[in-house]
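Colleague: For reference, the sequence and a predicted model appear below.
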Amino acid sequence: MLTYIVRRIVTAVLILLGASFVVYLLTAASGDPLAELRSSSAPNKAQLIQQRTALLNLNVPAPLRYFVWLKGAVGCVIPFANSCDLGKNLQGQPVTQQLGLAIIQTLSLVTAASFLAIMIGVTLGIVTALRQYSALDYGVTFMAFLFFSLPIFWAAVLLKEYGAIDFNNFLKTPDIPPGIVVLIAVLVGVLAVAVAGGTWKRRGFAFGGAFAATAVILFYVSLTGWFRTPGLGPVVIALSGIGIAFGITTLTSGLRNRRALYSALISVAVGVIAYFAVQPLLNYATAIMIVLLGVVAVLVGCAVGYFMGGYDRGQNVRAAALTSVLMGVLILSDRFMQAWPQYYNNGRIRGRPIATIGAATPGLSGDFWTMSLDRLTHLILPTTALILISIASYTRYSRSSMLEIMNMDYVRTARAKGLSERTVVMRHAFRNALIPLATIVAFDIGGLIGGAVITESVFSFSGMGSLFANGLRAIDPNPVMGFFVVVGITALLFNLLADLVYSALDPRVKVKS
């Protein structure tokens, strides 16, 4: 394994060197960085040309200039070298500084979008494969192709119009008309019918239950002005936690494993107690504190599952740990909701919290919750745009892979042995269905660090995509090369990780030196 990894790294370095040399020459040939100054009428034009020539080493031929650039770039990939130098842009700002800001913006934008797109897309793909040719399958397929065909800039503009402008207007008087309540309840009921399937009696119960629950919830939030002063509270958190406990146990071990179910329910009880215990602490929250509380939640869940004992403690631990994490998410969401009125009424927000441009509100100040809400509200629209466009490919790939796996002989054998459908799907089919997705996910994540150029442009995010586009537009070679180094290293790294994931998912695949 170690020999294989070292060999792959050496190969990756050689590929990166060759590719960077070609890109550098193409960038140098793309235009003249002095063209703007040559046409200038400034009295100190000659001095400005001389300064830029010295700044970019333009008096050195491009092939030799590459090695001057490479000397500084090598320090960026050697651990503890402390000599990273990717040159400067036309304004004299170090490219490393530009990259640092751009990477933070891009990661904040695409991380959540990638994670949610993968989770939702794979889940929908697996479910539609198990319900092939059903109304749910046709509906998800139609929506997937619809979103996939949408131009990203058009989807972004629609989100700005209806997800920001109209929703901000709605928040001024958050009353939902009865007709809209009925319409939404009917749509949710139809969705419940598609998900439930089965006999018409079962579908009728699904429609009635979903319609009634949706109507009651919407009338409640309309009458109470919930959108202005939202919150979950311990009762909703407890009821949601119980539902989560049953759902997680069903997926991880099945409800027949009572110890796993009891472990998850105990985690819910611990979470409800923690809700009251951590409220004073959360008033002084920091990012590190939230991470540490998340680690504690996982450890508590693992401890609960382990001490419950039984024939398979691993199932207990998984059920309890996942339930603890999701309970933590509910508690965290409730605390954000508690901070919503303070954020909404802030003078810099002016009652329009859903932002359409930028990564933060200029001049806004406040505690951890206010500033975090500001970041989240600025990420809602671009993240949603990226999810809508990305989710289609994951849905179709995972559906195709699952259908192929479900027709394999070993799946038929597992069913013939009398194993439950949950065991057949989760233990035998699901893991193998993920193998083809490993390559797609690895390349997508590796490529996303390059930024979503159009999305960043529409929503005014200064990320990696904008850095690359602006560098090309201004004939600024060093930012373009800095972008290439980061994206190239990331792509090669995730390519290696994909191969290693293969061997973890499929015992038949062995990495050899």
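Modeller: Arrived safely, thanks for sending.
Colleague: State the number of residues packed around the nearest residue to Val77 once chain neighbours are set aside.
Modeller: Excluding the flanking residues, the one nearest Val77 by CB to CB, 6 or more residues apart in numbering is Ile489, at 7.2 Å. C-beta: built from backbone N, CA, C; applies to glycine. Close neighbours of Ile489, defined as other CB atoms under 10 Å, add up to 17.
Colleague: Test my guess that Ile489 contacts Leu99.
Modeller: No - between Ile489 and Leu99 there is no contact under CB atoms under 8 Å: 11.8 Å.
Colleague: Touching both of the two, which residues are there?
Modeller: With contacts defined as CB atoms under 8 Å, 6 or more residues apart in numbering, no residue is shared by Ile489 and Leu99.
Colleague: doesn't Gln91 make contact with Pro479?
Modeller: No - using CB under 8 Å, Pro479 makes no contact with Gln91, being 10.4 Å away.
Colleague: So between these two, which is more surrounded?
Modeller: Set Pro479 next to Gln91 and count neighbours by other CB under 10 Å: Pro479 wins out with 26 against 9.
Colleague: nearest residue to the more buried one other than its sequence neighbours?
Modeller: Nearest in space to Pro479, with sequence neighbours left out and distances taken as CB to CB, 6+ apart, is Gly471 at 3.7 Å.
Colleague: next SSE after the helix or strand that contains that neighbour?
Modeller: Counting by DSSP states H and E, the element that carries Gly471 is helix 464-473. Moving toward the C-terminus from helix 464-473, the next helix or strand (DSSP H and E) is helix 477-505.
Colleague: Against which helices or strands is that next one packed?
Modeller: Applying 3 or more CB pairs under 8 Å, 6 or more residues apart in numbering; DSSP states H and E, we find helix 477-505 packed against helix 2-29, helix 62-77, helix 95-130, helix 435-448, helix 464-473.
Colleague: That one relative to helix 464-473, how many degrees between them?
Modeller: Computed with axes from the mean of the first three to the mean of the last three CA atoms, to 10 degrees, the direction of helix 477-505 lies at 140 degrees from that of helix 464-473.
Colleague: Show me how this protein divides into domains.
Modeller: 2-99+447-505, 118-172+231-432, 175-224 (automatic domain parsing).
Colleague: is it possible to export those to CSV including mean pLDDT and distance to Leu107?
Modeller: Listed next are these as CSV, based on pLDDT from 0 to 100; distance: least, CB to CB, whole Å:
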stretch, mean pLDDT, distance to Leu107
domain 2-99+447-505, 81, 7
domain 118-172+231-432, 89, 11
domain 175-224, 89, 33
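Colleague: Now do the residue positioned nearest the centre of the chain, the pLDDT please.
Modeller: The residue lying closest to the centre of the chain (CA atoms, centre = their mean) is Ala112, at 2.3 Å. For Ala112, the pLDDT comes out at 83.
Colleague: can you list the domains of the chain in a markdown table and add distance to Gln105?
Modeller: A markdown table is the format used below for the domains of the chain (distance: least, CB to CB, whole Å):
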| stretch | distance to Gln105 |
| --- | --- |
| domain 2-99+447-505 | 4 |
| domain 118-172+231-432 | 6 |
| domain 175-224 | 34 |
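Colleague: in stretch 491-501, what's buried?
Modeller: By 16 or more other CB atoms under 10 Å, the buried positions in stretch 491-501 come out as Ala491, Leu492, Leu493, Phe494, Asn495, Leu496, Ala498, Asp499, Leu500, Val501.
Colleague: List the contacts of that stretch.
Modeller: Stretch 491-501 is contacted from outside by 5, 8-9, 12, 15-16, 438-439, 441-443, 445-447, 511, using CB under 8 Å, 6+ apart.
Colleague: Show me which of these are buried.
Modeller: Taking 16+ other CB under 10 Å as the criterion, what is buried in the contacts of stretch 491-501 is Arg8, Ala12, Leu16, Ala438, Thr439, Val441, Ala442, Ile445, Gly446.
Colleague: Let me know how buried Ile217 is, in neighbour terms.
Modeller: 15.
Colleague: out of the contacts of stretch 491-501, which one sits closest to Trp69?
Modeller: Leu16 (13.5 Å; CB to CB).
Colleague: Next, work out how far apart that closest one and Ile248 are.
Modeller: 42 Å (CB to CB, to the nearest Å).
Colleague: cool, Asn44 as well?
Modeller: Taking CB to CB as the criterion, Asn44 is separated from Ile248 by 69 Å.
Colleague: same deal with Asp175?
Modeller: From Asp175 across to Ile248, the span is 37 Å (CB to CB).
Colleague: end to end, how far does stretch 161-176 reach?
Modeller: End-to-end distance of stretch 161-176 (CA to CA, to the nearest Å): 19 Å.
Colleague: ok, the nearest residue to Pro33 once chain neighbours are set aside - contacts?
Modeller: In this structure, Pro33 finds its nearest non-sequential neighbour in Ile475, 5.1 Å apart by CB to CB, 6+ apart. Residues counted as contacts of Ile475 (CB under 8 Å, 6+ apart) are Ser30, Gly31, Asp32, Pro33, Ala35.
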